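[1] model this:
(chains A and B)
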Amino acid sequence: MKYTKRLDGRKFDESREMSAKVGIIKRADGSAMFCIGKTKAIAAVYGPRQLFPGFLQNPEKGLLRCYYDMTSFSVTERKRPGPNRRSVEIGMVTENALNPVVDLSKFPNTVVDIFIEIIQADAGTRCAGICAAAMALADAGVPMKDLICSISVGKVGDKIVLDLNKDEEDFEGGSTDIPVAIMARTKEITLLQLDGDIKREELIEALKVAQKGCDKIYEIQRKALKDQYEGVKDE
Amino acid sequence: MNKNYIVSLLEKDIRDGRKLDEFREIEVETGVSKNAEGSARVKIGDTEVIAGIKMDVGTPFADSPDSGVLMVGVELLPLSSPDFETGPPGKDAVELARIVDRGIRESNMIDMKKLCIKKGELVWMVFIDIYTINDDGNLIDASALASLVALKSAVFPKLDGDKVKFGEFTKNRLPLTRLPVTCTLYKIKDKIIIDPNLDEQKAVDARLTVAISEDGNLNAMQKGGLMGLDIETIDLMIKMAGNQIKNLRKYIK
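    Below you'll find the predicted structure:
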């Protein structure tokens, strides 16, 4: 099915309006908010702190642990509070998306906990959560060699589009959703999931679009971090 | 900060720059989550909670076939404090939810009869879910206030026969009658304070939560903490709560 004009009037490779803020939760060691379109995510980091139960402790390095959760009222039909299979999986892939840039070798036997909460959902929640989590980690001063940027890309009808909203995810003429997370500097991909129906060539094209989208996210994340730590020199 | 230090300061009436009966700065914001029928963020100092209202239709309870259903839940998010853990709600979260619930339910704040669509078959169900964002003490008053503000801002979703059209809203507000505002008094040694920050809260011997409607009637109470309270103290605490609540009403638009 042809998709000639995006439902909300954006260009095909244009993301929704984004905003970010660091240091929003005082009790946390690090915290951040990331909004993209109507999707709002917040994240808090606690740690490195002692890890229980003890058998999970690793004497070589600390453990990174992520929890993803949506508020019951973030979606149109009320979601039952608490974890479910989807949120457990997203927590896990978020860990995997962030782990490659985090170095916890100086913190054996500890854990760094990341809690992500979706306040308002309009597709792309796991990506928004990852963007917030990456900033929260940086805010917490956890050693990192790069920042992680995340955005969804996909195919709506016959077009490759950046940052699908909910209406596009539900597009009648077929929709493929590909959440992607990318290391900002090296461009390595640390999260890749896919739901839908797409050709290999199209996927590669989509990933390139995602990389471009992430460049913009990186700018926004860096600005938010800099705003929080005014006076810290660039590079 | 240790309890003895907090107590020694309080003996000289010293807090974090506040009087014993003074709240921290309160900020209230509505419409924080657009898919919710109503929502509110309340900040009291560094303490922050958000409350959201979701509505659905369902069958009424057998013992009240012509009344709507109210459910209040609290998630003490581990995101909001290093003291909170993941997992199903623990006893603190359950108590907090029940304190908020009782103020609203016992005052008949929501006219539950008007939530009946077809007696014994179909009624509106109102879910209030409260999520903590940052815990710096006095989550009770913050949660109760956020719930009231969210309820006041809530609109019914559209109804299509006996199903809700999720994501589509009417302009109709909830049928609200009274406004039971909640205030909690905390006792540390022989001093009574309100709105403790976290350090103070950890030093508390006893607390008393009171929900009072416009007419001055008490709609719900809950005593907490390990120490007992005598009648004179309880009377004093209720009077203090009454004074505070007049002030708190300003924040409920």
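[2] could you use CA atoms for every contact and neighbour count after this?
    Will do.
[3] what about the helices in the chain?
    Defaulting to chain A. A:85-98, A:125-139, A:166-169, A:200-228 (DSSP state H).
[4] my question was about chain B
    Under DSSP H, chain B gives helices at B:3-11, B:91-106, B:139-153, B:198-202, B:231-248.
[5] in the last one, what's buried?
    I take that to be helix B:231-248. B:Met237, B:Ile238, B:Met240, B:Ala241, B:Gly242, B:Gln244, B:Ile245, B:Leu248 (16 or more other C-alpha atoms under 10 Å in any protein chain shown).
[6] what does chain A have sitting close to chain B?
    By C-alpha under 8 Å from any C-alpha of the partner chain, the residues of chain A that approach chain B are A:25-28, A:43-46, A:71-78, A:81-83, A:114-117, A:119-121.
[7] without its sequence neighbours, what residue ends up closest to the residue most central in space within chain B?
    Of all residues in chain B, the one closest to the mean position by C-alpha atoms, centre = their mean is B:Ala144, 1.4 Å from it. Spatial nearest neighbour of B:Ala144, chain neighbours left out: B:Val100 (5.3 Å); criterion: C-alpha to C-alpha, 6 or more residues apart in numbering or on different chains.
[8] can I get the helices of chain B in JSON lines with mean pLDDT?
    Shown next, in JSON lines, are the helices of chain B (pLDDT from 0 to 100):
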{"stretch": "helix B:3-11", "mean pLDDT": "91"}
{"stretch": "helix B:91-106", "mean pLDDT": "93"}
{"stretch": "helix B:139-153", "mean pLDDT": "98"}
{"stretch": "helix B:198-202", "mean pLDDT": "95"}
{"stretch": "helix B:231-248", "mean pLDDT": "94"}
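[9] can you say which of those helices is nearest to A:Gly54?
    helix B:91-106 (25.0 Å; C-alpha to C-alpha).
[10] report all helices and strands that that closest one contacts.
    Here helix B:91-106 touches strand B:69-75, helix B:139-153, strand B:218-225, going by 3 or more C-alpha pairs under 8 Å, 6 or more residues apart in numbering or on different chains; DSSP states H and E.
[11] is it true that A:Thr25 touches A:Ser31?
    Just to correct that, residue A:25 is Ile rather than Thr. Yes. If you go by C-alpha atoms under 8 Å, A:Ile25 and A:Ser31 touch, sitting 5.7 Å apart.
[12] more crowded one of these two?
    A count of neighbours by other C-alpha atoms under 10 Å in any protein chain shown puts A:Ser31 above the other of A:Ile25 and A:Ser31, at 30 against 25.
[13] list the contacts of that one.
    A:22-25, A:42-45, A:132-133, A:135-137, A:139-140 (C-alpha atoms under 8 Å, 6 or more residues apart in numbering or on different chains).
[14] from those, which two are the most distant?
    Pairwise over the contacts of A:Ser31, using C-alpha to C-alpha, the maximum falls at A:Ile42 and A:Ala140, 14.3 Å.
[15] the two - which one has more neighbours?
    A:Ile42 (28 against 21).
[16] mind listing the residues bridging to the closest residue to that one other than its chain neighbours?
    Spatial nearest neighbour of A:Ile42, chain neighbours left out: A:Met33 (4.3 Å); criterion: C-alpha to C-alpha, 6+ apart. Here A:Met33 sits in beta bridges with A:Lys21, A:Ile42, going by DSSP bridges.
[17] ok, how many other residues are close to A:Met33?
    Neighbours of A:Met33 (other C-alpha under 10 Å): 28.
[18] any idea how far A:Pro48 is from it?
    For A:Met33, the distance to A:Pro48 (C-alpha to C-alpha, to the nearest Å) stands at 21 Å.
[19] B:Val149: neighbour count?
    There are 23 residues near B:Val149, going by other C-alpha under 10 Å.
[20] now the closest residue to it other than its chain neighbours: phi and psi?
    Excluding the flanking residues, the one nearest B:Val149 by C-alpha to C-alpha, 6+ apart is B:Ile252, at 5.6 Å. Note on B:Ile252: backbone dihedrals following degrees, to the nearest 10 are phi -100, psi 100.
[21] quick check, pLDDT for B:Ile252.
    Looking at B:Ile252, its pLDDT stands at 93.
[22] roughly how far apart are it and B:Asp235?
    Distance of B:Ile252 to B:Asp235, computed by C-alpha to C-alpha: 26 Å.
[23] so who does B:Ser153 touch?
    B:Thr30, B:Gly31, B:Gly38, B:Ser39, B:Arg173.
[24] so how far is chain A from it?
    Look at B:Ser153 and chain A: by C-alpha to the nearest C-alpha, to the nearest Å, they are 14 Å apart.
[25] what parts of chain B come near chain A?
    So chain B meets chain A at B:32-36, B:46, B:52-55, B:75, B:78-82, B:87-88, B:129, B:131, B:133-136, B:166-167 (C-alpha under 8 Å from any C-alpha).
[26] show me how to select, in PyMOL, the buried members of those.
    Filtering these down to the buried ones (16+ other C-alpha under 10 Å) takes a single PyMOL command:
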select buried, chain B and resi 32+33+34+35+36+46+52+53+54+55+75+78+79+80+81+82+129+131+133+134+135+136+166
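[27] from B:Lys34, how far out is whatever residue of the stretch 101-250 of chain B ends up closest to chain A?
    Proximity of the stretch 101-250 of chain B to chain A (C-alpha to the nearest C-alpha) peaks at B:Gly167, 4.8 Å away. For B:Gly167, the distance to B:Lys34 (C-alpha to C-alpha) stands at 9 Å.
[28] beta partners for the residue lying closest to B:Cys116 once chain neighbours are set aside?
    Excluding its sequence neighbours, the residue lying closest to B:Cys116 (C-alpha to C-alpha, 6+ apart) is B:Val123, at 4.4 Å. Under DSSP bridges, the beta-bridge partners of B:Val123 are B:Gly58, B:Cys116.
[29] B:Thr132: neighbouring residues, count only.
    B:Thr132, neighbours per other C-alpha under 10 Å, totals 23.
[30] how many residues are close by the closest residue to it other than its chain neighbours?
    Leaving aside its sequence neighbours, B:Thr132 sits nearest to B:Val49 (C-alpha to C-alpha, 6+ apart; 4.4 Å). By other C-alpha under 10 Å, 27 other residues sit near B:Val49.
[31] wait, B:Val49 touches B:Asp136, no?
    No. In this structure, B:Val49 is not within contact of B:Asp136 by C-alpha under 8 Å, at 10.6 Å.
[32] for chain A, give me the ranges with low pLDDT.
    Across chain A, the ranges flagged by pLDDT under 70 are A:232-235.
[33] so who does the residue most central in space within chain A touch?
    Nearest to the geometric centre of chain A sits A:Ile130, at 2.2 Å (C-alpha atoms, centre = their mean). For A:Ile130, the contacting residues are A:Thr94, A:Ala97, A:Leu98, A:Ile148, A:Cys149, A:Ser150, A:Ala181, by C-alpha under 8 Å, 6+ apart.
[34] and B:Lys171, what does it touch?
    B:Val155, B:Phe156.
[35] excluding chain neighbours, what is closest to the residue of the stretch 101-250 of chain B closest to chain A?
    A:Thr76 (4.8 Å).
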